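Novice: need a structure here:
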Amino acid sequence: IQYSITPDECLEDGAVYSFKNSASNKYMTVYGGSTANGTNICQSYSAAPTLSQTFRLDYQEDTEGYLIRSLCSSNGYGSALTYSYSAMASDSASATSGNVSLYSVDEEDSAWLDDQTWMILPHNGTDLFKIVSLRDPGYAITAYGSANGTSGGTTSTSAGNIYVSEFNGAANQLWKIESG
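Specialist: Residues are numbered from 1 along each chain as shown. This next block holds a predicted model:
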């Protein structure tokens with residue numbers, strides 16, 4: 001059983017959720033359920049969320065943001081979603097610099113931890129949320145197109161890929177959150 005979370009409800013630290021993209025109606029997915037550093041995060045269809053499509057929220061009190069930890073990794077106490085803000089912000093950023101991937105958490109490296117910390121914010125009084133970078137809240141997790149993603153499709157124009165881009169309110173940047 002999945003229950004949708006509405007903006008007037010609180011997200012719970014340590015609780016397990018799935019994120020369904022508003023535009024494609026597909027779940028955020030750890031490709032292949034892998035726990036290896038650098039595993040691509042993409043979208044894929046499932047009638048009900050699988051283990052690779054469920055995440056544990058780890059609230060970071062000092063930043064008031066969340067690590068979004070994959071249930072594939074140590075039952076949601078291991079690796080978390082990340083992207084490289086410094087590569088994205090540089091003039092020489094590659095097409096993959098905003099890619100979202102899975103990476104182990106290094107709580108001693110504050111710069112790296114900032115790349116793994118997200119704010120999950122309600123969007124305009126709807127039942128949808130935007131997931132924005134703690135480091136720059138103008139950037140949101142975004143899904144490309146309506147296809148299922150792949151392990152190697154890591155650019156902002158790779159079918160089904162999930163990446164970070166400047167927030168503009170488009171449906172592919174909004175997420176329905178399901179608990180369970």
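Novice: Any stretches of the chain with poor pLDDT?
Specialist: Within the chain, the set of residues satisfying pLDDT under 70 comprises 1-9, 86-97, 110-111.
Novice: What are the boundaries of the helices in it?
Specialist: Taking DSSP state H, the helices of the chain run over residues 85-89, 110-115.
Novice: Show the contacting residues for the nearest residue to I131 once chain neighbours are set aside.
Specialist: Distances taken as Cβ to Cβ, 6 or more residues apart in numbering put I141 closest to I131, at 4.3 Å, once the chain neighbours are dropped. No exception for glycine: its C-beta is placed from N, CA and C like everyone else's. The contact partners of I141, taken as Cβ atoms under 8 Å, 6 or more residues apart in numbering, are 28, 81, 100, 118, 130-132, 162-164, 173, 175.
Novice: again with I131
Specialist: 19, 68, 118-121, 140-141, 175.
Novice: Can you flag the buried ones in the residues you listed?
Specialist: Among those, those classed as buried by neighbour count (16 or more other Cβ atoms under 10 Å) are 19, 68, 118-120, 140-141, 175.
Novice: List just the nearest of those to V105.
Specialist: Nearest to V105 out of those is I68 (Cβ to Cβ; 10.8 Å).
Novice: Go ahead and confirm the closest one touches S79.
Specialist: No: look at I68 against S79 with Cβ atoms under 8 Å: they stay out of range, at 10.0 Å.
Novice: hmm, back to that, ok, the residue nearest to I131 to A159 distance?
Specialist: Distance, I141 to A159, using Cβ to Cβ, to the nearest Å: 17 Å.
Novice: Equivalent analysis for L174, please.
Specialist: From L174 over to A159 the distance is 19 Å, taken as Cβ to Cβ.
Novice: Those two - which one has more neighbours?
Specialist: Here L174 and A159 are compared on neighbour count by other Cβ atoms under 10 Å; more neighbours surround L174, at 24 against 15.
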